[in-house]
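Novice: sequence unknown, structure follows:
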């Protein structure tokens with residue numbers, strides 16, 4: 001790992017961060033001493049080579065195989081350490097990394113150790129930090145699905161969640177897609193084919209009937225869209241949300257996907273609510 005990485009000096013980290021790194025180290029081995037890992041790996045490779053040479057001279061192909069193995073393991077180690085370093089920055093003050101399950105962490109890094117793309121590493125780091133902040137937040141099924149995602153799939157899901165609002169104090173936003181043929185969706189790449197694709201990979205349930213609803217605890221609620229708050233009064237305890245609903249996996253990933261606001265979307269959705277007979281009041 002490069003010098004200056006925040007993992008190097010554990011003494012400068014908060015207690016949750018220190019416990020977090022120790023927990024990760026216990027599951028994957030050695031990440032608590034990242035400044036040593038490459039040197040150790042190279043030394044161990046040389047030892048193995050010496051052992052082999054003591055018996056027979058390595059052939060060219062054997063030497064190339066050993067060099068490849070060392071290079072591959074160094075890349076995997078660097079990916080693990082980069083993701084961990086980014087996750088440290090996402091830890092909350094009240095994080096509970098001591099409750100991370102060893103098997104969960106081992107499975108997590110088994111799936112992400114080949115991820116070198118910076119943006120995808122950021123997603124993985126948010127998953128890891130989210131699990132440390134709230135153990136049990138992400139299922140192994142979610143980890144399996146993220147491991148199978150292309151970068152484009154992640155981008156599409158993040159784009160979709162730009163059309164989502166938080167309801168009251170719920171930690172997961174609700175996407176509102178009332179007519180996927182509308183320009184406000186299409187100009188950002190959200191259309192029938194994309195929604196059908198996100199359905200097929202398990203992030204949303206998509207119905208083109210446009211009549212999905214959710215039951216509400218009250219006729220009135222507050223919605224939050226990137227800092228803008230609106231009070232909504234329904235005719236009854238039922239909110240029409242349109243064409244899609246998040247799956248359990250989508251539900252887990254929505255809060256960490258890094259969505260950004262869509263210009264004019266709030267005005268669009270407020271007009272749709274008014275068409276449905278809902279009373280809206282901007283705060």
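Specialist: On my side now, so go ahead. The structure displayed is predicted, hence computed values, not measured ones.
Novice: How about stretch 116-132, which residues are buried there?
Specialist: Neighbour counts using 16 or more other C-beta atoms under 10 Å place 120-132 of stretch 116-132 among the buried residues. Where C-beta positions appear, they are placed from N, C-alpha and C, glycine not excepted.
Novice: One more: stretch 74-85?
Specialist: Those buried within stretch 74-85 under the rule 16+ other C-beta under 10 Å are 76, 77, 78, 79, 80, 81, 82, 83, 84, 85.
Novice: who's in contact with stretch 274-283?
Specialist: The set of residues that contact stretch 274-283 without belonging to it, under C-beta atoms under 8 Å, 6 or more residues apart in numbering, is 222, 228, 229, 230, 231, 232, 233, 234, 235, 240, 270, 273.
Novice: which among these gets closest to residue 175?
Specialist: For residue 175, the closest of the contacts of stretch 274-283 turns out to be residue 240, at 12.7 Å, with distances computed as C-beta to C-beta.
Novice: Check which helices and strands the helix or strand containing that closest one sits against.
Specialist: For residue 240, the element it lies in under DSSP states H and E is strand 238-242. Using 3 or more C-beta pairs under 8 Å, 6 or more residues apart in numbering; DSSP states H and E as the contact criterion, the neighbours of strand 238-242 among helices and strands are strand 174-175, strand 212-215.
Novice: and the residue nearest in space to the middle of the chain, what is it in contact with?
Specialist: When the chain is reduced to its mean C-alpha position, the closest residue under C-alpha atoms, centre = their mean turns out to be residue 123, at 3.8 Å. With contacts defined as C-beta under 8 Å, 6+ apart, the neighbours of residue 123 are 146, 154, 256, 257, 258.
Novice: Got a ChimeraX select line for the buried ones in the residues you listed?
Specialist: Selecting just the buried residues from these in ChimeraX takes one command, with 16+ other C-beta under 10 Å as the test:
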select :146,154,256,257
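Novice: Would you format the contacts of residue 123 as a markdown table with distance to residue 244 included?
Specialist: As requested, these are exported to a markdown table (distance: C-beta to C-beta, whole Å):
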| residue | distance to residue 244 |
| --- | --- |
| 146 | 19 |
| 154 | 17 |
| 256 | 19 |
| 257 | 15 |
| 258 | 19 |
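Novice: which one among the contacts of residue 123 gets closest to residue 169?
Specialist: Compare each of the contacts of residue 123 with residue 169 using C-beta to C-beta and the shortest gap goes to residue 256, at 17.8 Å.
Novice: In which helix or strand does the residue nearest to that closest one when sequence neighbours are not counted reside?
Specialist: Nearest non-adjacent residue to residue 256, counting by C-beta to C-beta, 6 or more residues apart in numbering: residue 126, 4.1 Å away. In this assignment (DSSP H and E), residue 126 forms part of helix 118-133.
Novice: So which residues make contact with the following helix or strand past that helix?
Specialist: Sequence-wise, the next helix or strand beyond helix 118-133 is helix 140-148, with elements assigned using DSSP H and E. Helix 140-148 is contacted by residues 104, 107-108, 111-112, 123-124, 127, 154, 201-203, 248-249, 252-253 when judged by C-beta under 8 Å, 6+ apart.
Novice: In ChimeraX, select just the buried ones from those residues.
Specialist: One line in ChimeraX is enough to select the buried ones among these; burial here means 16+ other C-beta under 10 Å:
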select :104,107,108,111,112,123,124,127,154,201,202,203,249,252,253
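Novice: The contacts of helix 140-148 in helices, which ones?
Specialist: Counting by DSSP state H, the members of those that fall within helices are 104, 107-108, 111-112, 123-124, 127, 154, 248-249, 252-253.
Novice: okay, these in CSV with pLDDT and distance to residue 281 next?
Specialist: Shown next, in CSV, are these (pLDDT from 0 to 100; distance: C-beta to C-beta, whole Å):
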residue, pLDDT, distance to residue 281
104, 94, 44
107, 94, 47
108, 96, 44
111, 94, 46
112, 94, 45
123, 96, 36
124, 97, 41
127, 97, 37
154, 96, 36
248, 97, 33
249, 97, 35
252, 97, 32
253, 97, 32
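Novice: Lovely, talk soon.
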